[in-house]
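Asks: 3D, please:
(2 chains)
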Amino acid sequence: MASDSSIIFITGGVRSGKSRFAEKTAATCWQQSPTGTLHYIATMQATDSEMEKRIDRHKKDRTKGGLPWRTWEKPVSVGDLAYHFRQEDIVLLDCLTTWLNNEFFFASDDWKAAQFHDDLFDKMWYGIDRIRSHVNKLIIVSNEVLHEPLANNELVLAYSRILGLLHRQIVTNAYQAILIEAGIPIFMKEGEER
Amino acid sequence: MHFVTGGAFNGKSNWVRKTYPINDQNSTWVSGYAGEQIPDSLLPATEYWIVSGIEQYVKDWLIACDEKAVREKWLGKLTEWSCLDGDQTMILIGSDISKGIVPASHEERLWRDVTGRIFQDTAKICDRVDVIWYGINIQIK
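Replies: Residues are numbered from 1 along each chain as shown, chains lettered A, B, ... in the order given. Just a heads-up that it's a prediction; the model follows:
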């Protein structure tokens, strides 16, 4: 039931300010009852020095804020982290699209099978749901990438379909869904907090 | 006439099914995603007619026709459908493909451009327009 949910869903275009907004949201949630831990789940893996620098800069930014962030680097099977969290914790997952990328990447040739798509959706939603049930708030960051021609690329089509399904499932189960445009939040769904 | 748009896989068709009391008996659903052709006349005269995947029809038509002919063809359909009698509801569904980076191929650029213009034509003639965002509707007209 949506009203029992602890999920906040935040999405937007590239460089729309969604990560910054998500960090602020997490910080605000934490300050309301600063007994738990603030967790940051980074799904991005550094594959070159430019990315390393960016990840490092983000990490430093979070430390500078003076809040007790604890960073987890988890490119796949993010749900496995659930048992590290406690009921009073705030968890920020950044971001869903990279997580989905990674799951596809690690799947090698399996991605072509329809069964793989269903299983992957189930795995990711189950992972999200597991974390959600363990914590006070789960904030999920994702990207707006479903507004361009899909052409006839099987991989892009499969990726887009699963991402769309996940977004719909998350929005249905979230108590808040926010679209960020040029740094400005648009509250698409404002539900009851649990 | 009702135009429903939004990104791919955002739940547009599901939203239509949820919003209107559509069933197998009272509706005819023509899907461009499933490769179904738009019939020349709207028979059977079911209470609801749904044409989904407008952008897919644009893509198909652009293979044989130029932009002008495609727009005229679509405008002809819109005009015909807007004269439906009051007991019938026409619902048009199209995926927004306008917000990515400029496609590399001429065909894709043309497809995207013509789809955008056709969506404007459609929104102008329809009396209601909704954008669907992951299952949530925003009525913009």
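
Asks: Please tell me I have it right and A:K189 contacts A:T172.
Replies: No - assessed by CB atoms under 8 Å, A:K189 is found out of contact with A:T172, at 9.1 Å. In short, each C-beta sits where N, CA and C put it, glycine included.

Asks: how far away is B:S82 from A:L96?
Replies: Going from B:S82 to A:L96 by CB to CB, to the nearest Å gives 41 Å.

Asks: which of the two has more neighbours?
Replies: Neighbours per residue (other CB atoms under 10 Å in any protein chain shown) separate B:S82 from A:L96, with A:L96 holding more: 23 against 12.

Asks: ok, which residues in chain A are in contact with chain B?
Replies: Taking CB under 8 Å from any CB of the partner chain as the contact definition, chain A meets chain B at A:13, A:144, A:146-151, A:160-161, A:163-165, A:167-168, A:170-172, A:177, A:179, A:188-189.

Asks: Please, which helix or strand holds the closest residue to A:L157 other than its chain neighbours?
Replies: Closest residue in space to A:L157, ignoring its immediate chain neighbours: A:L150 at 5.6 Å, by CB to CB, 6 or more residues apart in numbering or on different chains. For A:L150, there is no enclosing helix or strand under DSSP states H and E.

Asks: related to what we said a few turns ago, show the buried residues in the residues of chain A next to chain B.
Replies: With neighbours counted using 16 or more other CB atoms under 10 Å in any protein chain shown, the residues of chain A next to chain B contain these buried positions: A:13, A:144, A:146-150, A:160-161, A:163-165, A:167-168, A:170-172, A:177, A:179, A:188-189.

Asks: residues touching B:D121, list them.
Replies: B:D121 makes contacts with B:R71, B:W74, B:L75, B:L78, as judged by CB atoms under 8 Å, 6 or more residues apart in numbering or on different chains.

Asks: 10 Å instead, please
Replies: B:F3, B:R71, B:W74, B:L75, B:L78 (CB atoms under 10 Å, 6 or more residues apart in numbering or on different chains).

Asks: which neighbours do A:K189 and A:T172 share?
Replies: Going by CB under 10 Å, 6+ apart, residues that sit against A:K189 and also against A:T172 are A:A2, A:F9, B:Y134, B:G135, B:I136.
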